[in-house]
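Asks: The following comprises the amino acid sequence and a computationally predicted model.
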Amino acid sequence: MCGECRDSHHAQVVLDYIRQNGASFFPDLVEGCGLLRSQAEEALAQLVAVGLVTSDAFLGLRALLVPSSLRHRPERRRRGSVAFGIEDAGRWSLIRRGHLAKEDAVEHLARALLRRYGVVFWRLIEREAPRLPPWRDLLRVYRRLESRGEIRGGRFVAGLSGEQFALPEAIGALRETRRKLETESWVAVSGADPLNLAGILTPGPKIPALASNRVLYRDGVPAAAMVAGQVTFFIKLDPATEWQAENIMLRGPDCAPSLVPNISSAESVEAR
């Protein structure tokens with residue numbers, strides 16, 4: 001039974017028809033359910049309102065909001081008129097609860113990535129866990145959030161292809177990073193950490209994503225790495241600083257930095 005539609009026999013009839021026959025066009029629903037056109041429209045409106053049914057096209061949902069007197073019937077439609085007829089909806093089908101749950105989970109992860117990095121694009125999440133949704137699924141969420149005005153889309157990191165999205169407050173932080181002077185901040189991360197982005201966002205070799213490996217950042221730029229117990233320096237350091245750097249990596253990963261490794265040298269902030 002349609003628990004939310006117990007007061008509507010017609011809604012239950014339409015729901016049962018779609019369950020038995022799959023996605024159906026509106027004329028098929030009218031004929032197959034033995035209902036008047038107005039009865040079928042009212043039934044669909046109730047099913048859409050409780051989240052049980054949707055249509056292939058947005059026009060179908062829009063048609064349910066337009067008074068029937070203002071809709072253009074196929075036989076009365078004039079050339080050039082706007083189509084608001086429910087026949088333009090395509091097929092009507094059930095909304096799968098599992099699909100909704102998956103969409104909610106993907107949006108939750110997409111927002112978590114934004115909170116973690118401030119700016120998100122496909123190269124940035126290369127080191128994230130394999131169970132992360134594919135980028136195409138995250139991209140749909142980010143486009144939707146951008147259309148709502150919750151996040152910004154644009155070219156925030158130059159030299160990298162693909163769409164990029166940022167929290168509004170992250171754009172100011174990026175500009176501030178470009179102006180910030182070097183502070184000699186050293187941070188070591190495990191090779192298995194998602195912040196092991198050496199060779200991905202920055203020049204130089206990639207460091208295998210193993211927990212025993214280390215990447216050492218100096219002011220957000222990879223300065224050295226320890227792979228299989230062997231230390232390699234990417235920048236020129238004096239002997240005393242090299243000794244300090246090796247000790248930092250031997251002590252193990254520090255707390256993860258609050259910002260993505262410094263990419264200010266390749267950064268341009270252009271939001272849309």
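Replies: Sure, I can see it.
Asks: Now do the SS call for the closest residue to residue 35 other than its chain neighbours.
Replies: Nearest residue to residue 35, sequence neighbours excluded (CB to CB, 6 or more residues apart in numbering): residue 10, at 5.9 Å. Glycine gets a C-beta too; all of them are placed from N, C-alpha and C. Applying DSSP: H, G, I helix; E, B strand; the rest coil to residue 10 yields a three-state assignment of helix.
Asks: what's the answer for residue 131, then?
Replies: Three-state call for residue 131 (three-state DSSP): coil.
Asks: And the pLDDT for it?
Replies: pLDDT for residue 131: 82.
Asks: same check, this time on residue 6
Replies: 47.
Asks: Stretch 187-203: how far from the chain's middle?
Replies: 22 Å (CA atoms, centre = their mean, to the nearest Å).
Asks: pretty sure the residue nearest to residue 35 is touching residue 39, no?
Replies: Yes. Contact between residue 10 and residue 39 holds when scored by CB atoms under 8 Å: they sit 4.9 Å apart.
Asks: Tell me where the stretch 151-272 of the chain has strands.
Replies: 152-157, 164-166, 186-190, 214-218, 221-227, 230-233, 267-271 (DSSP state E, counting those that start in this stretch).
Asks: Given the third one, what are its sheet partners and their directions?
Replies: Strand pairing for strand 186-190, determined by DSSP bridges: strand 214-218 (antiparallel).
Asks: and the direction of the partner strand versus that of strand 221-227, what angle?
Replies: 160 degrees (axes from the mean of the first three to the mean of the last three CA atoms, to 10 degrees).
Asks: then strand 214-218 to PDB, C-alphas only?
Replies: Taking C-alpha atoms only, strand 214-218 is exported to PDB below (Å, rounded to 0.1, in the frame of the first residue of the first chain):
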ATOM      1  CA  ARG A 214      57.200  10.000   4.600                       C
ATOM      2  CA  VAL A 215      56.700  13.300   2.700                       C
ATOM      3  CA  LEU A 216      58.200  16.400   4.300                       C
ATOM      4  CA  TYR A 217      56.600  19.800   3.400                       C
ATOM      5  CA  ARG A 218      58.400  23.000   4.000                       C
END
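Asks: Among residue 10 and residue 39, which residue is more densely surrounded?
Replies: Higher neighbour count among residue 10 and residue 39: residue 10, with 21 against 18, using other CB atoms under 10 Å.
Asks: what's near enough to touch the more buried one?
Replies: 33, 35, 39-40, 42-43 (CB atoms under 8 Å, 6 or more residues apart in numbering).
Asks: that older thread, just the pLDDT for the residue nearest to residue 35.
Replies: Per the predicted model, pLDDT is 92 at residue 10.
Asks: Check the gap between it and residue 30 for me.
Replies: 11 Å (CB to CB, to the nearest Å).
Asks: Give the residues shared as contacts by the two.
Replies: With CB under 8 Å, 6+ apart as the test, residue 10 and residue 30 both reach residue 40.
Asks: what pairs with residue 53 across the strands?
Replies: residue 94.
Asks: and it, how many neighbours does it have?
Replies: Around residue 53 there are 24 residues (other CB under 10 Å).
Asks: doesn't residue 95 make contact with it?
Replies: Yes. Residue 53 is in contact with residue 95 according to CB under 8 Å; the separation is 6.5 Å.
Asks: is the residue nearest to residue 232 when sequence neighbours are not counted in a bridge, and if so with what?
Replies: Sequence neighbours aside, residue 225 is the residue nearest to residue 232 in space, at 5.3 Å (criterion: CB to CB, 6+ apart). Following DSSP bridges, residue 225 is listed with bridge partners residue 215, residue 232.
Asks: residues touching residue 225, list them.
Replies: So residue 225 contacts 198, 205, 207, 213-216, 231-232, 234 (CB under 8 Å, 6+ apart).
Asks: got the residue ranges for the helices in this structure?
Replies: 9-21, 26-33, 37-49, 58-65, 97-117, 135-147, 168-179, 239-251 (DSSP state H).
Asks: and of those, who's closest to residue 189?
Replies: Closest approach to residue 189 among the helices of the chain (CB to CB): helix 239-251, 9.8 Å.
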